[in-house]
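In: Provided below for reference: sequence and predicted model.
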Amino acid sequence: MVICVKVPLKRAQEVKCFLVEQGIFHPDYAVKKTKTHIYFPISRKSGINKQFGFAELADVKLLPKARKKTDMRSLVTNKLTKKELAHLRRAYDITGSIAILEIPPELEKKEKLVAETILQLQKNVETVVKKAGIHSSDYRIQPMQYLAGVDTKETVHKEHGVLLKLDVENVYFSPRLSTERKRVADQVRPGESVLVMFSGCAPYPCVIAKNTKAKEIYGIELNPFGHKYGTENIKLNKIRNVALFEGDVRELVPALKKKFDRIIMPLPKSAGDFLDIAFMAAKKGTVFNFYAFEEEGKFDNARQRIRKACNKNNLKCRILRTVKCGQHAPRVFRICVDFNIV
């Protein structure tokens with residue numbers, strides 16, 4: 001018997017994304033489907049019920065997957081030294097048809113081999129690039145170096161019923177936040193007016209527009225490339241209730257002279273610096289989805305930052321929940337604090 005999480009078929013994609021992101025999905029067993037539900041094998045119980053209230057845990061008899069030499073390590077074992085194998089990172093991101101790798105210095109001489117192996121393994125991958133630097137500037141962009149396949153850095157990513165066109169080098173985007181974007185969208189009530197600060201190529205606006213009955217969604221992005229692709233994505237998905245603005249939120253939020261039911265702040269590195277501006281667009285009852293990077297055991301730092309900013313602006317808030325939505329570094333997590341103005 002294998003421990004499984006049982007979920008309705010219509011929620012299968014978001015749950016599987018979460019399980020894979022958290023390293024909980026058990027790859028050695030085949031999933032089981034019924035007419036209404038799907039059973040995902042998991043390696044451990046890890047707060048799944050808290051993340052998805054509709055999920056159930058069950059012991060299920062599953063067939064083990066036939067083991068084939070189709071994983072990266074098996075394919076390159078005879079082509080790398082033991083030292084090189086020790087540095088091989090099997091985890092990588094796939095955005096649309098582009099695989100994005102992290103190549104340690106010890107493997108740089110074999111990076112083309114690793115890239116070609118990815119193309120062999122992943123049928124949907126047409127291009128392989130590697131990270132060639134860190135995220136930098138106010139645009140949060142990261143240099144990428146072409147390694148194999150089609151020489152392009154532009155792709156179309158699919159998630160939650162939307163298409164997102166972007167350039168992986170000139171626009172900040174993380175496929176790992178797909179589950180988090182859907183979590184926030186699931187909170188949006190019919191008729192809400194939503195503001196997305198730092199909206200990038202518009203993943204939050206598009207996912208919310210396609211999956212909710214929000215009245216209107218505003219997005220503000222500083223990066224002209226992000227704004228350009230965001231505008232294309234609104235047209236690509238035939239969305240009519242989204243308005244995107246290019247520029248600095250410090251200037252544009254006051255200029256809007258508008259109050260919102262929900263304000264999303266997906267800038268974990270420095271969202272706290274913009275709370276004063278965000279409060280200008282808030283009213284009693286406004287819900288915030290506020291992102292931050294915090295060390296394990298120190299999540300209260302973000303909550304205290306919010307309370308301090310509220311006090312400074314003569315506002316009262318209520319913390320609704322705090323969730324982990326990705327690991328940024330060893331023992332450092334991307335978290336979201338949901339709170340509202342009372």
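Out: Okay, I see it.
In: for the stretch 1-150 of the chain, what spans make up the helices?
Out: Assigned helices in the stretch 1-150 of the chain, in chain order: 12-21, 48-51, 72-76, 82-86, 111-121 (criterion: DSSP state H, counting those that start in this stretch).
In: so which elements touch the first one?
Out: Counting by 3 or more C-beta pairs under 8 Å, 6 or more residues apart in numbering; DSSP states H and E, the packing neighbours recorded for helix 12-21 are strand 2-8, strand 37-41, helix 48-51, helix 178-187. (Each C-beta comes from the backbone N, C-alpha and C, glycine too.)
In: what count of nearby residues applies to the nearest residue to Glu14 once chain neighbours are set aside?
Out: Closest residue to Glu14 apart from its sequence neighbours, by C-beta to C-beta, 6 or more residues apart in numbering: Lys182 at 4.7 Å. Neighbour count of Lys182, defined by other C-beta atoms under 10 Å: 21.
In: where's Lys182 relative to Arg189, distance?
Out: To Arg189, Lys182 is 15 Å away according to C-beta to C-beta, to the nearest Å.
In: with Gly285 instead?
Out: 11 Å.
In: overlap in contacts of these two?
Out: When contacts are counted by C-beta atoms under 8 Å, 6 or more residues apart in numbering, Gly285 and Arg189 have Asp261 as shared neighbours.
In: so where is the protein shaky, pLDDT-wise?
Out: Residue ranges of the chain with pLDDT under 70: 66-70.
In: in the lengthiest strand in it, which residues are buried?
Out: Secondary structure assigned by DSSP state E gives strand 317-329 as the longest strand of the chain. For strand 317-329, a neighbour-count test (16 or more other C-beta atoms under 10 Å) marks Cys317, Thr322, Val323, Lys324, Cys325, Gly326 as buried.
In: and Arg250, how many neighbours?
Out: 14.
In: wait, a helix at it?
Out: Yes - remark: Arg250 belongs to a helix, assigned using DSSP: H, G, I helix; E, B strand; the rest coil.
In: which residue is the nearest non-sequential neighbour of it?
Out: Leaving aside its chain neighbours, Arg250 sits nearest to Ile277 (5.6 Å; criterion: C-beta to C-beta, 6+ apart).
In: go on, Ala278?
Out: Ile263 (5.2 Å).
In: does the one you found really touch Leu195, like I thought?
Out: Yes - counting by C-beta atoms under 8 Å, Leu195 is a contact partner of Ile263 at 4.8 Å.
In: what do those two both touch?
Out: With C-beta under 8 Å, 6+ apart as the test, Ile263 and Leu195 both reach Ala278, Ala281.
In: hang on, the earlier thing: partner residues bridging the residue nearest to Ala278?
Out: Applying DSSP bridges to Ile263 yields these beta-bridge partners: Leu195, Phe288.
In: number of residues surrounding it?
Out: 26.
In: and it, what does it touch?
Out: Val194, Leu195, Met197, Ala278, Ala281, Ala282, Thr286, Val287, Phe288, Asn289.
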